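**Student:** Below are the sequence and a predicted model for it; my questions follow.
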Amino acid sequence: MDKIEIKSNEYIFKGTAQVPADKSIAHRALFISSMNKEMTKISNLTNSEDVRTISKDLQSTIKCLSDIGVQFAEVKGVIFVRGRGIREYVQSEGVLNCGNSGTTARLLIGLLSGQSFESKIDGDDSLKMRPMGRVIEPLQEMGGIFDSKDGNLPLTISPSNLKGGNFDLNLGSAQVKSSLIFAALSAEGETKLNETKKSRNHTEIMLGNCTSNLTIKGDEIIIQPDPQIKLESFDIPGDPSAAAFFIVAGLINKNSELKIDNICLNPTRTLFIDILIKMGGNIQVLNKRESGGEQIADLLITSSDLKAIKIQEESIPFVIDEIPILSLACSLAEGTSEIQDAEELRFKESDRIKTTVGELKKLGSDIEETKNGILIKGKDSLKGADCESHNDHRIAMMIAVAATVAEGSTTINSADSVSVSFPGFFDTLNMFRK
Ligand code: S3P
C-alpha cells in the first residue's frame, strides 16, 4: 500500500472507532519494565512500528531493548518482560537501530550513557536528520561520553560514570526529560530536574508509581539512583494522539455520532480536545476513570460547526503531535486561526510546519507558513488533490481525514507511513464507508 485513493462523501462516522494503545506510554512501559528484575506483564501494547519490529530493517524499542539483554515473550497478545536492573544491561552485538522513532533513540541514549560498555545508536534517514544535541549536551554535563557528527545519528556512547546534579528543562520536550531521568537512575548521587517548561509526564507518573527513587516537588523532579522497580502489570490505555484523527473526522463530516472508548486523558496530552471544544466541537467526555496513575475516559463526537482559534507558545508542548490535524480543523473553521511559536514542529518526522502547510494548500486551504507558525483563513470546503505523506505518519493521516470531505478524489503517496503509529488506520477508516 504505497499510494492510496480516498473519495469524499463516501464516509459517515457513526459507530465506534478502535484506536491503538498509547505509543508514548508503551515506550515508557517497555523501558521501565526493562529495569525490573522480576517479570512485568504489559497488556494492550500497540503494534506501532516505533514500538515493535516488523521487518529486519525497521527496528524499534522492543528490538533495541532485547539487543541489550532484556527478554520478551508474547502470549495471547500479552507481553511478558524480564528486565535486568539498571546496571545490568549487556553490550549489543551490533548497532542499535531506532528506525523512525525519536522517542526510542533519545530514551535509549539516556539509559545507555552511564553503562560500563560502548553502544552505537543509529536510525533511518529521517531520524538521522533530527537533533540529538538536546540530549547529548546535558548528558555530557553529567559525564557522558559521545562521539557524533554535529549532534546527529549515528552516534557512539563510550562507557562512563555519570554524576547527578541540577539541570533546567527549558525545551518543553518529554523525550529530553525522560532521557535525563533514565540517565539519572545510573548516576552517582541525586539529580534534580527543574521543569521550567512543562511537557507530557508519563515517565514521572509510571516511575513514581513503581519506585520511591523519583519524587516531584513543585516544578522539580528529584531522582535517586539504583531503583528497585516494582511493576507487576500494566494495561496501556488508548492513544489520544491517534484518536485525534477520528475526532476531527467526526467533527468535520456531516451526521457523525462517533464513540472512541478507553482513551488516555492525561492533561498533558488533551489540550487539543479543549481547543476543539473551544472551537465549537461537540465532544463529550464520558465514564472518567483511572488506571496505572493515568486518567482514562470514553469520547462521543458529533458533527460541529467550528470557529477559528489562536494557539500560542505555552500550549505548544501539549499539542505538539496534533498541530497537523488541528490545522485541518482550522482550515474548515469560520475566521482566521493562528498557530505561533511552534519551531519544535520543524524537528519532527518531517518539518511539520512546511509539510502541513504544503499539503493543506494543495487541498485548497487558505494557509500560510509564518516565521515559526501557521496562519489559516477558514473556508467552507476543500478540494481533492494528489498529496504526499513525506513519510510522516501524522501528515498521511491528516491528509486522509481531509480527503473524506475534500470534493472529489485525493491520493496520498507513501501512505504506508501510517504504520509508524497506527498500522490499522486505513482499515479503521474503511469501517466508516457508507
Ligand atoms: C514524545 C514526546 C514528544 C512527541 C513525540 C512523543 C514522547 O516529543 O512529539 O511524538 O513519547 O516523549 P518531544 O517531547 O521531544 O517534543
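**Tutor:** Right, received. Where do you want to start? Numbers count the residues shown, from 1 in each chain.
**Student:** Show me the domain layout of the chain.
**Tutor:** Under the assignment automatic domain parsing, the domains of the chain span 3-21+237-430, 23-234.
**Student:** Please produce TSV containing those, extended by mean neighbour count and mean pLDDT.
**Tutor:** C-beta coordinates here come from the backbone N, C-alpha and C atoms, glycine included. Shown next, in TSV, are the domains of the chain (neighbours: other C-beta atoms under 10 Å; pLDDT from 0 to 100):
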stretch	mean neighbour count	mean pLDDT
domain 3-21+237-430	20	97
domain 23-234	19	95
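**Student:** Now tell me what touches stretch 424-434 from outside.
**Tutor:** For stretch 424-434, the surrounding residues in contact (C-beta atoms under 8 Å, 6 or more residues apart in numbering) are 1, 4, 6, 10-15, 17-20, 47, 242, 245-246, 249, 396-397, 400, 404, 415, 418, 422.
**Student:** right, and the domains of the chain - which one's nearest the ligand?
**Tutor:** Of all these, domain 23-234 sits nearest to the ligand, with 3.3 Å by C-beta to the nearest ligand atom.
**Student:** hang on, the earlier thing: could the domains of the chain go into JSON lines alongside distance to the ligand?
**Tutor:** Shown next, in JSON lines, are the domains of the chain (distance: least, C-beta to the nearest ligand atom, whole Å):
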{"stretch": "domain 3-21+237-430", "distance to the ligand": "4"}
{"stretch": "domain 23-234", "distance to the ligand": "3"}
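**Student:** so where do the helices sit in this protein?
**Tutor:** 23-33, 61-67, 102-112, 125-128, 133-141, 174-184, 202-210, 240-252, 271-278, 323-331, 352-362, 393-403, 425-430 (DSSP state H).
**Student:** Looking at these, which is nearest to Lys288?
**Tutor:** helix 271-278 (12.7 Å; C-beta to C-beta).
**Student:** Need the CA coordinates for that closest one. CSV is fine.
**Tutor:** Output in CSV follows, covering the C-alpha atoms of helix 271-278 (Å, rounded to 0.1, in the frame of the first residue of the first chain):
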residue,chain,number,x,y,z
LEU,A,271,-5.2,20.2,25.2
PHE,A,272,-6.3,19.5,21.6
ILE,A,273,-9.6,18.3,22.9
ASP,A,274,-10.1,21.5,25.0
ILE,A,275,-9.1,23.5,21.9
LEU,A,276,-11.6,21.7,19.6
ILE,A,277,-14.3,22.2,22.2
LYS,A,278,-13.4,25.9,22.4
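**Student:** Can you pull up the most central residue in the chain?
**Tutor:** Geometric centre of the chain, nearest residue: Ser24, 5.2 Å, by C-alpha atoms, centre = their mean.
**Student:** looking at it, that residue is touching Ser101, isn't it?
**Tutor:** No - using C-beta atoms under 8 Å, Ser24 is not in contact with Ser101; the gap is 11.0 Å.
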